[in-house]
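S.K.: A structural model of the following input is requested.
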Amino acid sequence: MPSVLTPVYIVIAISVAAFVITSFYFNFTNQGYRYNIGWLLQDTSPFMWSNLGIGLGISLSVVGAAWGIFTTGSSILGGGVKAPRIRTKNLVSIIFCEAVAIYGIIMAIVISNGETAYHPGVWKEGEVYALNSQNRHAGFSMFGAGLTVGFSNLFCGVCVGIVGSGAALADAQNSSLFVKILIVEIFGSAIGLFGVIISILQVTHAKMGDKP
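M.R.: Numbers count the residues shown, from 1 in each chain. Here you go, the predicted structure:
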């Protein structure tokens with residue numbers, strides 16, 4: 001029976017093969033200059049990087065929350081068949097998972113508030129380099145902040161979901177274990193907060209606009 005991840009592996013293998021073949025072709029035909037990372041970083045609009053950060057931050061956070069709710073919810077429903085008393089008490093695990101998505105929404109709002117339109121045509125001659133650097137720095141910082149909070153919340157959601165699933169099953173077997181495992185779950189949910197804090201620090205000095 002084929003694995004669910006088989007199509008993912010096929011796509012990854014094809015992508016890597018295409019990259020390797022293209023790399024060899026450019027190197028053997030003296031066209032290595034086409035792999036110009038500097039061009040990508042300099043000529044791409046900072047708004048693209050900032051909006052990518054917003055999109056990745058919220059989307060990865062939602063994936064983490066959904067993954068956690070799926071894992072925890074199925075265990076709560078399964079364990080609730082044997083011990084109906086666990087259904088209400090273990091909803092706290094679902095709340096922890098949902099908080100992961102809220103972290104992503106908060107950071108998406110923070111990053112989007114930092115986006116400000118700028119007009120290179122009105123810049124003074126002596127300010128062009130400084131303003132270009134400032135706006136690029138802001139775009140890259142917002143992109144990095146989005147990745148930080150997104151991946152932090154993705155793994156936080158998976159962690160909370162797995163621990164919450166164990167809490168539900170343990171509670172169904174022995175109610176005295178619930179509080180002990182809940183403490184572990186609280187520490188797991190703190191991972192997402194770490195990502196939010198670092199993301200806020202990343203965009204603290206990010207400034208877009210026409211003023212240096």
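
S.K.: C-alpha only now, for contacts and for neighbours.
M.R.: Fine.

S.K.: Just the pLDDT at Pro2, thanks.
M.R.: Taken from the predicted model, the pLDDT recorded for Pro2 is 52.

S.K.: likewise the one 10 residues further on?
M.R.: Reported pLDDT at Ile12 in the predicted model: 89.

S.K.: can you count the residues close to it?
M.R.: Neighbourhood size, Ile12 [other C-alpha atoms under 10 Å]: 12.

S.K.: Next, work out how far apart it and Ile106 are.
M.R.: Distance of Ile12 to Ile106, computed by C-alpha to C-alpha, to the nearest Å: 32 Å.

S.K.: how close does Asn36 sit to Tyr129?
M.R.: On the measure of C-alpha to C-alpha, Asn36 and Tyr129 end up 21 Å apart.

S.K.: next one: Ile102
M.R.: Counting by C-alpha to C-alpha, the gap between Ile102 and Tyr129 amounts to 38 Å.

S.K.: Neighbour count: the two, which is higher?
M.R.: More neighbours sit around Ile102 than around the other of Ile102 and Tyr129, counting by other C-alpha under 10 Å; the figures are 16 against 11.

S.K.: start to end distance for stretch 86-95?
M.R.: End-to-end distance for stretch 86-95, by C-alpha to C-alpha: 15 Å.

S.K.: Can you give the distance from it to the centre of its chain?
M.R.: 25 Å (C-alpha atoms, centre = their mean, to the nearest Å).

S.K.: how far does the lowest-mean-pLDDT helix or strand in the chain sit from the chain's center?
M.R.: Least confident helix or strand of the chain, by mean pLDDT, DSSP states H and E, is helix 37-43 with a mean of 75. Mean-position distance between helix 37-43 and its chain equals 24 Å (C-alpha atoms, centre = their mean).

S.K.: Which residues does it contact?
M.R.: Residues lying outside helix 37-43 but in contact with it, judged by C-alpha atoms under 8 Å, 6 or more residues apart in numbering, are Arg136.

S.K.: packing partners for the helix or strand just after that helix?
M.R.: Moving toward the C-terminus from helix 37-43, the first helix or strand encountered (DSSP states H and E) is helix 46-82. With contacts taken as 3 or more C-alpha pairs under 8 Å, 6 or more residues apart in numbering; DSSP states H and E, helix 46-82 sits against helix 86-89, helix 91-113, helix 128-173.

S.K.: Worst mean pLDDT among these?
M.R.: For the helices and strands packed on helix 46-82, the bottom mean pLDDT is recorded on helix 86-89, which sits at a mean of 80.

S.K.: Mind listing what's buried along that helix?
M.R.: Residues of helix 86-89 classed as buried by neighbour count (16 or more other C-alpha atoms under 10 Å): Ile86, Arg87.

S.K.: can you check stretch 129-148 too?
M.R.: Result for stretch 129-148 [16+ other C-alpha under 10 Å]: buried residues 131-132, 134-148.

S.K.: for stretch 46-61, same thing?
M.R.: By neighbour count, and taking 16+ other C-alpha under 10 Å as the criterion, the buried residues in stretch 46-61 are 46-47, 49-61.
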